[in-house]
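Colleague: kindly generate the corresponding structure for this input.
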Amino acid sequence: MLPRFLKPGLAPLGAAVLLAVAAAAFAHDDHPVQTAQTADESAFLAENDAAMTKMMNDMAAKPSGDIDRDFVAMMAPHHQGAIDMAVIELRYGKNERLRRIAQEIIVEQRQEIDAMKLALGEQVTDTTPARTQQPGAKPDPAATTHDHMNMHHDMMKQETK
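Modeller: Okay, here's the model as predicted:
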């Protein structure tokens, strides 16, 4: 006898889903989880966890009664979280494609934060590039001379005209 909430035509579908979930769980057990972490991986995971926690806490904005301001109050920390995670990728990541994507994320998300703030008539934030080097590492001369964040200045000039 089927429970009341299951219709007779849905029982085979439910059984198939249950079997798929069980198979996935068993398949996962065949692949042992790698537990040895390098110092860089441990630092990466800790910094990423801190960035995610900060983002989630900052997104819990108290409603102001202004939908547009509430939207920006929640979205700006969401975008900042993406920036923070991209900076962490630049600090620890080795894959050049992913590092380029992380650089693009930093620029694009900063531009979106600034555009939202400008739409509300708020000041935009400082555009000093984020520190992507590990603490104590020697600065990369190429990274310190190339400013990825200048692009939004043109946007600001157009918005204020």
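Colleague: hey, where'd the helices end up in the chain?
Modeller: 11-29, 39-59, 67-92, 96-119, 141-145, 151-160 (DSSP state H).
Colleague: now the fifth one: average pLDDT?
Modeller: This points to helix 141-145. Taken as a whole, helix 141-145 has a mean pLDDT of 40.
Colleague: same question for the first one.
Modeller: What helix 11-29 shows for mean pLDDT is 48.
Colleague: surely His79 is in contact with Gln111?
Modeller: No - assessed by C-beta atoms under 8 Å, His79 is found out of contact with Gln111, at 9.4 Å. Using the backbone N, CA and C atoms, a C-beta is placed for each residue, glycine as well.
Colleague: pick out whichever of these two has more residues nearby.
Modeller: Per other C-beta atoms under 10 Å, whichever of His79 and Gln111 has more neighbours is His79, with 20 against 17.
Colleague: list the contacts of the more buried one.
Modeller: Contacts for His79 (C-beta atoms under 8 Å, 6 or more residues apart in numbering) come out as Gln109, Arg110, Glu112, Ile113.
Colleague: 6 Å - rerun?
Modeller: Gln109, Glu112, Ile113 (C-beta atoms under 6 Å, 6 or more residues apart in numbering).
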